[in-house]
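Colleague: need coordinates for the below:
(4 chains)
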2 protein chains.
Amino acid sequence: MSLRHALLALLENRPMTGYELAKQFDESAIYVWHAQHPQIYTELRKMEADGLIDVSAARRGTKATKRTYFLTEAGASELTRWVSEPQQPPRERDPAYLKAIYFEFGSFANARRQFEAHLEHYRRLERQWRAHADQLERRDTDLIRRRLARAPEKAHDAIVDFKVHTYRGLIERAKVEVAWAKRGLAMVDRLERDAGIAEGDEVSPPQIDSIESSE
Amino acid sequence: MSLRHALLALLENRPMTGYELAKQFDESAIYVWHAQHPQIYTELRKMEADGLIDVSAARRGTKATKRTYFLTEAGASELTRWVSEPQQPPRERDPAYLKAIYFEFGSFANARRQFEAHLEHYRRLERQWRAHADQLERRDTDLIRRRLARAPEKAHDAIVDFKVHTYRGLIERAKVEVAWAKRGLAMVDRLERDAGIAEGDEVSPPQIDSIESSE
DNA sequence: ACAGCCATGTAAGTCGTTACATGATTGC
DNA sequence: GCAATCATGTAACGACTTACATGGCTGT
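Modeller: Residues are numbered from 1 along each chain as shown, chains lettered A, B, ... in the order given. Predicted coordinates for the structure are as follows:
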């Protein structure tokens, strides 16, 4: 249930609408968690029902309502409970790596394309996270300024350092992905030189192995 | 729909029962994808309905049936289609990193516990992946031997190298996590020395920020 | 007789995605 | 008047987890 806690943590800084929350998740490197707007609106309603957040609704035009959510005390204490609860590590589930294990079922050109896309993707992520980490370190984002303003001065270093440490960790992750893809491209070049396999062919297509032939 | 393709790829080596497939996912470092048995049994039935796999059912006792699945030609060509299809990168969604951003809401002791658990987890993963990568490189697993036996010799290097490259990539990932957690522990030590905050306290508890106080 | 592993499922529920749908406000 | 952006939702479906349930086989 991490979406819930990501939302609580954002609302701890200031009251926001579902739309604003969705933007944080969507548009930027700011966030380490992805979610789409229908899930966010739905989760906010549930959190309201559970008393973790409260809403101040305002009319918009004749029919629409603008709902601005803010933390309740129950929400604040749920946040501290969650932070102190042991976090079980995520299950391994990366489709790019799964596919890479079976690149033999495609052509060398395909492996190359896949590694190139991987490279591009993580280069972009690295840039974005780096920009955000730098901004945080300078204490130069809207949210961090609000956070520090409401915290005792002696806690400021810890608040910033925990966040910067996390984004720097994500940068290191991205760098590992970039390096992996680069080594992958070099490997494809080498394999293609060594093997006498025609351009565009599958390296070694899958074969069916029926009961009869195996037992 | 990666579970489906993970299953197809395993069945490409040899026919297996749902139970055997579940073991591969469950028990070992062999696999880069996690799944529980109910999902596997359900997915196998769907794949059968879609004609990607076929089954040879055998009686077990009076009521039970042992169902051994094998690839069909449609399954084999679905595998090659999937490998050549562009793979969109996974969304960022790591609860451990999300939580680390908000370690300020807990105590230093909590941050330390969390980093230690992270460290232990990825050390174990690294060991397991390393063992598997080494075995693969020596061409010394059941599945890789079966795979190579049914492939043209000139393709052997590529088949092994793609897999080894992937597991070595996972090892690098795990090492980055270990290093991140170690730096995290050092950071906690430093912060705790610097700040005059009492043992066991929250660093800076969340505060509620209602509409009134913010606008 | 019992333990431990082999083997297969159902049911209920949560989490997450995609497609569809509607209306308001701001600036040009 | 139009486009872009603000703003909020529903419906259907697919992916995944957890709990529950049953029975067979092998070795001690």
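Colleague: just the terminal-to-terminal distance for stretch A:79-99.
Modeller: When the termini of stretch A:79-99 are compared using Cα to Cα, to the nearest Å, they are 37 Å apart.
Colleague: wondering if it reaches DNA strand D at all.
Modeller: Yes - contact between stretch A:79-99 and DNA strand D, assessed by Cβ under 7 Å from any atom of the strand, occurs at A:91, A:93. Placement of C-beta: from N, CA and C, glycine included.
Colleague: that stretch and DNA strand C, are they touching?
Modeller: No - counting by Cβ under 7 Å from any atom of the strand, DNA strand C has no neighbours in stretch A:79-99; the shortest distance is 10.0 Å.
Colleague: does chain B have contacts with that stretch?
Modeller: Yes - Stretch A:79-99 comes into contact with chain B (Cβ under 8 Å from any Cβ of the partner chain), by way of A:79-80, A:82-84, A:86-87, A:89-99.
Colleague: same question for stretch A:66-74.
Modeller: Yes - among the residues of stretch A:66-74, A:68, A:70-73 lie within reach of chain B under Cβ under 8 Å from any Cβ.
Colleague: cool, and stretch A:173-189?
Modeller: Yes - judged by Cβ under 8 Å from any Cβ, stretch A:173-189 comes into contact with chain B at A:173, A:176, A:179-180, A:183-184, A:187.
Colleague: what does that stretch rub up against?
Modeller: A:100, A:108, A:111-112, A:115-116, A:118-119, A:121-123, A:125-126, A:129, B:161-162, B:165, B:169, B:172-173, B:176 (Cβ atoms under 8 Å, 6 or more residues apart in numbering or on different chains).
Colleague: helix/strand/coil for A:Gln207?
Modeller: For A:Gln207, the assignment made with DSSP: H, G, I helix; E, B strand; the rest coil gives coil.
Colleague: thinking again about what came up before, narrow the residues of stretch A:173-189 next to chain B to those in strands?
Modeller: Among the residues of stretch A:173-189 next to chain B, no residue falls in strands (DSSP state E).
Colleague: and those, which of them are buried?
Modeller: A:173, A:176, A:180, A:184, A:187 (16 or more other Cβ atoms under 10 Å in any protein chain shown).
Colleague: those in helices, which ones?
Modeller: A:173, A:176, A:180, A:184, A:187 (DSSP state H).
Colleague: could you dump those into CSV and include distance to DNA strand C and pLDDT?
Modeller: Output for those, formatted as CSV (distance: Cβ to the nearest atom of the strand, whole Å; pLDDT from 0 to 100):
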residue, distance to DNA strand C, pLDDT
A:Arg173, 19, 98
A:Val176, 23, 98
A:Trp180, 23, 98
A:Gly184, 25, 98
A:Met187, 30, 98
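Colleague: ok, the residues you listed vs chain B, which is closest?
Modeller: Using Cβ to the nearest Cβ, A:Trp180 comes nearest to chain B of those, at 4.2 Å.
Colleague: is it fair to say A:Arg147 lies in a helix?
Modeller: Yes - assessed with three-state DSSP, A:Arg147 lies in a helix.
Colleague: okay, the residue nearest to A:His5 when sequence neighbours are not counted: pLDDT?
Modeller: Once flanking residues are discounted, A:His5 sits nearest to A:Trp82: 4.9 Å by Cβ to Cβ, 6 or more residues apart in numbering or on different chains. On pLDDT, A:Trp82 comes in at 97.
Colleague: who's in contact with A:Trp82?
Modeller: A:5, A:8, B:99.
Colleague: now do the one helix or strand the first one maps to: which elements does it pack against?
Modeller: Yep, that's A:His5 we're talking about. Here A:His5, judged by DSSP states H and E, is contained in helix A:2-13. With contacts taken as 3 or more Cβ pairs under 8 Å, 6 or more residues apart in numbering or on different chains; DSSP states H and E, helix A:2-13 sits against helix A:18-26, helix A:37-49, strand A:53-60, strand A:64-71, helix A:73-84, helix A:142-149, helix B:95-101.
Colleague: how about a cut-off of 7 Å?
Modeller: Applying 3 or more Cβ pairs under 7 Å, 6 or more residues apart in numbering or on different chains; DSSP states H and E, one finds that helix A:2-13 contacts helix A:18-26, helix A:37-49, strand A:64-71, helix A:73-84, helix A:142-149, helix B:95-101.
Colleague: send me it as PDB with only the CA atoms.
Modeller: Taking Å, rounded to 0.1, in the frame of the first residue of the first chain, the C-alpha atoms of helix A:2-13 are listed here in PDB:
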ATOM      1  CA  SER A   2       2.700   2.500  -0.900                       C
ATOM      2  CA  LEU A   3       0.600   4.800  -3.000                       C
ATOM      3  CA  ARG A   4      -1.300   5.700   0.100                       C
ATOM      4  CA  HIS A   5       1.800   6.600   1.900                       C
ATOM      5  CA  ALA A   6       3.300   8.600  -1.000                       C
ATOM      6  CA  LEU A   7       0.100  10.600  -1.000                       C
ATOM      7  CA  LEU A   8       0.200  11.200   2.700                       C
ATOM      8  CA  ALA A   9       3.800  12.300   2.500                       C
ATOM      9  CA  LEU A  10       3.000  14.800  -0.200                       C
ATOM     10  CA  LEU A  11       0.000  16.200   1.700                       C
ATOM     11  CA  GLU A  12       2.200  16.600   4.800                       C
ATOM     12  CA  ASN A  13       3.800  19.600   3.000                       C
END
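Colleague: so what pLDDT did the residue in chain A positioned nearest to DNA strand C get?
Modeller: Nearest residue of chain A to DNA strand C: A:Gly61, at 2.9 Å (Cβ to the nearest atom of the strand). Looking at A:Gly61, its pLDDT is 71.
Colleague: separation between it and B:His132?
Modeller: 60 Å (Cβ to Cβ, to the nearest Å).
Colleague: likewise A:Pro206?
Modeller: 21 Å.
Colleague: same deal with A:Ile144?
Modeller: Relative to B:His132, and taking Cβ to Cβ, A:Ile144 is found at 42 Å.
Colleague: same deal with A:Leu7?
Modeller: From A:Leu7 over to B:His132 (counting by Cβ to Cβ), the distance is 38 Å.
Colleague: which of these two has more neighbours?
Modeller: A:Leu7 (26 against 21; other Cβ atoms under 10 Å in any protein chain shown).
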